[in-house]
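Student: Return a 3D structure for these sequence lines:
(one chain, ligands or ions: 1)
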Amino acid sequence: MRRGAIVRIFALGIVIAILVTLVAVLIQWLPTSASEQMDRIAFVYWFATVICIGIFALVMAVLIYSVFTFRSPPEDESDGPSIHGHTGLEIVWTIVPAILVIAIGVISAVVLSQNGNAGTNPMTINVFAQQFSWRFEYPDNEGIKSGELVLPVDRNITFEMESADVIHSFWIPEMGQKQDLVPGIDTSIVITPTRKGTFALVCTELCGLGHSTMRAVVRVLSQPDFDAWVKEQQAGGGSDRSPAAVFTASCGGCHTFTPAGTSSSIGPNLDDVAAAAEKAGQDTAAYVKESIVEPKKVLATGFPSSNMPGDFGETLSAEEIDALVTYLTGAK
Ligand code: CUA
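Tutor: All right, here's what the predicted structure looks like:
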């Protein structure tokens, strides 16, 4: 009888474990990894998941077996037998979970340490966040600047991060690593991309009205393609980006502009810049250019304190600004 019970609980546990394993394996819960760090993070997830499946199957098997085997007949109102503890059982169910939790803790600590190690000769990229856009600077490549994050594959990259205003958070889901950017504190993170492709960098800290629009394109290239991109940036100052791409990266998070398909209302609507220029008594192109480079000079009605970054004159190239002006004025 006792042996029969153990066999039945064990069989039930196996069935439950198989079902839960199918749920874990057949559904893609995590994005496909694109970095060494994400590989390690996924390993920790799976390590903990396997333990959880084992514990869950054991508990559910005993529970389900007990509910059916020890259920009382409908008229039975009597108390159950009084049971005093079982020291051996209590020692086992204290020691086994303690060992499992310590194992998860040790493995997490090892992965955390490995994921923070940039190795020898890492490449550095400076990340600047502000409401609601990202900017990147490549100090190892003559300080070129970019609104999209272009990375060479299979290279240890240290991201040095700064925020100009509030707390933002840097996250490329396929690359696992996540790091807050905190005003006044320099933070950093290491990523080693392992897969070429296009990804999205998202801000994952609620940072204001435009939080959900605070994204940037991430492109992982082969080393030769990356070197070519660097050369292009050095030569053309980033003028290979179309004005629409510049607008989306730098302006679209805050401004509505129908041709670009943006609809944010954090900053003034840019669908009719000619009317705004007329109101300010200026030539349209000159007005738009001034508004990009010196946003605080003339404030649009309804937007009394300009939150707009004042450094687009430095972070965008002259060609990009001229192209933006044409893009914004030519649409009307
Ligand atoms: Cu920046 Cu959310």
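Student: Roughly how far does T120 sit from the ligand?
Tutor: With distances taken as CB to the nearest ligand atom, to the nearest Å, T120 is found 33 Å from the ligand. Quick note: C-beta positions are derived from backbone N, CA and C, even for glycine.
Student: same deal with S82?
Tutor: Distance, S82 to the ligand, using CB to the nearest ligand atom: 57 Å.
Student: ok but that residue is inside a strand, no?
Tutor: No. Counting by DSSP: H, G, I helix; E, B strand; the rest coil, S82 is not part of a strand but coil.
Student: Please work out which residue of the stretch 51-200 of the chain is closest to the ligand.
Tutor: Taking CB to the nearest ligand atom, the ligand has its nearest neighbour within the stretch 51-200 of the chain at H168, 3.5 Å off.
Student: so that residue touches M214, yeah?
Tutor: Yes. With contact defined as CB atoms under 8 Å, H168 reaches M214; the gap is 6.9 Å.
Student: picking up where we left off before, tell me the bridge partners for the residue of the stretch 51-200 of the chain closest to the ligand.
Tutor: Here H168 sits in beta bridges with L181, going by DSSP bridges.
Student: Next one, pLDDT for it please.
Tutor: On the pLDDT scale, H168 is placed at 97.
Student: what about it, neighbour count?
Tutor: H168 sits with 30 neighbouring residues when counted by other CB atoms under 10 Å.
Student: shared neighbours of H168 and M214, anything?
Tutor: Counting by CB atoms under 8 Å, 6 or more residues apart in numbering, the contacts common to H168 and M214 are A129, C203, C207.
Student: Out of the residues you listed, which sit inside helices?
Tutor: Among these, no residue falls in helices (DSSP state H).
Student: what would those residues look like in CSV with pLDDT?
Tutor: Listed next are the shared contacts of H168 and M214 as CSV, based on pLDDT from 0 to 100:
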residue, pLDDT
A129, 94
C203, 96
C207, 93
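Student: Among those, find me the one that's closest to G13.
Tutor: C203 (43.6 Å; CB to CB).
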